[in-house]
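Undergrad: Quick one: sequence and predicted model below, then my questions.
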Amino acid sequence: MKDTIKPGQSASRRIEVDTPRTIDFLGENLRVYATPQLVLDFEIACREFLLEHADAGEDSVGTGISLTHGGATLRGMNVDITVTVAKVDGRLVTFDLLARDDVEEISRGSHSRFVVEVEKLRGRVAAKAAKVGKG
């Protein structure tokens with residue numbers, strides 16, 4: 001992992017809340033941004049930020065997330081997601097999260113990711129799979 005990651009650095013991305021990002025259990029008139037999709041969009045934004053600072057053969061895995069989701073964002077609206085590096089502790093990077101739709105703030109929280117060497121992780125996963133007869 002490069003030493004270019006510093007607290008305060010941030011990245012933003014804009015997404016449109018399309019049908020796959022919405023809940024369906026309240027009917028077509030209440031198709032709003034689903035919390036699991038919001039979590040995924042935050043994770044993707046953080047991972048993409050980290051990949052810009054990763055060495056060859058590295059990636060990152062999520063280790064924790066905590067957020068609120070207090071605004072109903074309608075299908076077709078835009079959401080601006082901003083992730084800001086809050087802390088770097090070796091290979092563990094913690095981000096502050098913020099999401100706003102076209103009208104209001106809809107989410108705030110934190111997310112931690114660990115930068116891994118993919119081949120080492122592959123080996124650990126294979127060893128675990130072998131222990132349970134899946135390898």
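TA: The structure has been received and is ready for your questions.
Undergrad: use CA for all of it now, contacts and neighbours both
TA: OK.
Undergrad: Where do the strands of the protein begin and end?
TA: Here the chain has its strands, by DSSP state E, at 10-16, 58-69, 78-89, 92-101, 105-117.
Undergrad: by contact count, what packs against the second one?
TA: The helices and strands touching strand 58-69, judged by 3 or more C-alpha pairs under 8 Å, 6 or more residues apart in numbering; DSSP states H and E, are helix 35-51, strand 105-117.
Undergrad: So what are the sheet partners of the shortest one and their directions?
TA: Just to be clear, that refers to strand 105-117. strand 58-69 (antiparallel), strand 92-101 (antiparallel) (DSSP bridges).
Undergrad: pLDDT score for Ser10?
TA: Note for Ser10: predicted pLDDT of 98.
Undergrad: residue contacts, the residue lying closest to it once chain neighbours are set aside?
TA: Closest residue in space to Ser10, ignoring its immediate chain neighbours: Thr84 at 4.1 Å, by C-alpha to C-alpha, 6 or more residues apart in numbering. When contacts are counted by C-alpha atoms under 8 Å, 6 or more residues apart in numbering, Thr84 touches Pro7, Gly8, Gln9, Ser10, Ala11, Phe95, Asp96, Leu97.
Undergrad: now the residue positioned nearest the centre of the chain: how far from Arg21?
TA: For the chain, Glu43 is the residue whose C-alpha lies nearest the centre (C-alpha atoms, centre = their mean; 0.9 Å). Distance from Glu43 to Arg21, counting by C-alpha to C-alpha, to the nearest Å: 14 Å.
Undergrad: ditto for Ala54
TA: Per C-alpha to C-alpha, Ala54 is found 29 Å from Arg21.
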